[in-house]
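Chemist: model this:
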Amino acid sequence: MLNNDLKVRNYLKQKLAHASVSKIQIDRPAKNAKITIHTARPGIVIGKKGEDIDKLRREASEIMGIPVNVGVEEIRKPELDATLVAESVAQQLERRIMFRRAMKRAVTNTMRVGAEGIRINVAGRLNGAEIARTEWYREGRVPLHTLRADIDYGTAEAKTTYGIIGVKVWIFKGEVFDAPAQNAPAEK
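Modeler: Numbers count the residues shown, from 1 in each chain. Presented below is the predicted three-dimensional model:
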């Protein structure tokens, strides 16, 4: 079961590499499967008149061996999704854009959309240097120790001619405050 899920997930990630897919959710209600693809570009996933999504449905049900329902959910603000930001930085690194420029561009775009803080970490043979190193850039605040902080985390890999460069992104969207319990006894 888990093996099938991983196979389907890898297959979809490979097929939809350029469709800005953030996450793939697989639910299994009673002898069939429901796959929800969260993407910033639903048009690319669905295709002309739903051709691509039908093909994905057929392939996924072939791998899983049960009927599969495929749904697409649009991400309204891709700049606030850590996985998508990490993938965009990784793609820029693969196109040989300077890593600092790629990081700064991603940070300013995310902060402009309304994040409270962002941190980007790139590690590996940056600019083809002989010795690998880690560089990071932060704007705003990213409180990793605060439990109620709403922090989105995403990773990506840039496959360059020199080797793989890892990209990690933390986006702080604000703090989550639970509503006070309704039936809790009033304190005296």
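Chemist: how about the nearest residue to the residue minimising distance to the centre of the chain, chain neighbours excluded?
Modeler: Residue closest to the average C-alpha location in the chain (Cα atoms, centre = their mean): residue 83, at 2.3 Å. Closest residue to residue 83 apart from its sequence neighbours, by Cβ to Cβ, 6 or more residues apart in numbering: residue 154 at 3.4 Å. Glycine gets a C-beta too; all of them are placed from N, C-alpha and C.
Chemist: and the one you found, what does it touch?
Modeler: 22, 81-87, 168-169 (Cβ atoms under 8 Å, 6 or more residues apart in numbering).
Chemist: Which helix or strand contains the residue nearest to the centre of the chain?
Modeler: Per DSSP states H and E: residue 83 is located in helix 82-94.
Chemist: hmm, who's touching the helix or strand that that helix is followed by?
Modeler: Sequence order places helix 99-113 as the next helix or strand after helix 82-94, per DSSP H and E. Helix 99-113 is contacted by residues 77, 79-80, 85, 88-89, 92-93, 118, 120, 122, 126-127, 135, 137-140, 165, 169, 171 when judged by Cβ under 8 Å, 6+ apart.
Chemist: Pull helix 99-113 out as CSV, backbone CA atoms only.
Modeler: C-alpha atoms of helix 99-113 as CSV (Å, rounded to 0.1, in the frame of the first residue of the first chain):
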residue,chain,number,x,y,z
PHE,A,99,22.8,32.0,-6.2
ARG,A,100,22.7,35.2,-4.2
ARG,A,101,20.6,36.9,-6.8
ALA,A,102,18.2,33.9,-7.0
MET,A,103,17.9,33.9,-3.2
LYS,A,104,17.3,37.7,-2.9
ARG,A,105,14.7,37.7,-5.6
ALA,A,106,12.8,34.9,-3.9
VAL,A,107,13.0,36.6,-0.5
THR,A,108,11.8,40.0,-1.8
ASN,A,109,8.9,38.3,-3.7
THR,A,110,7.8,36.4,-0.7
MET,A,111,8.0,39.3,1.7
ARG,A,112,6.1,41.5,-0.8
VAL,A,113,3.2,39.0,-0.8
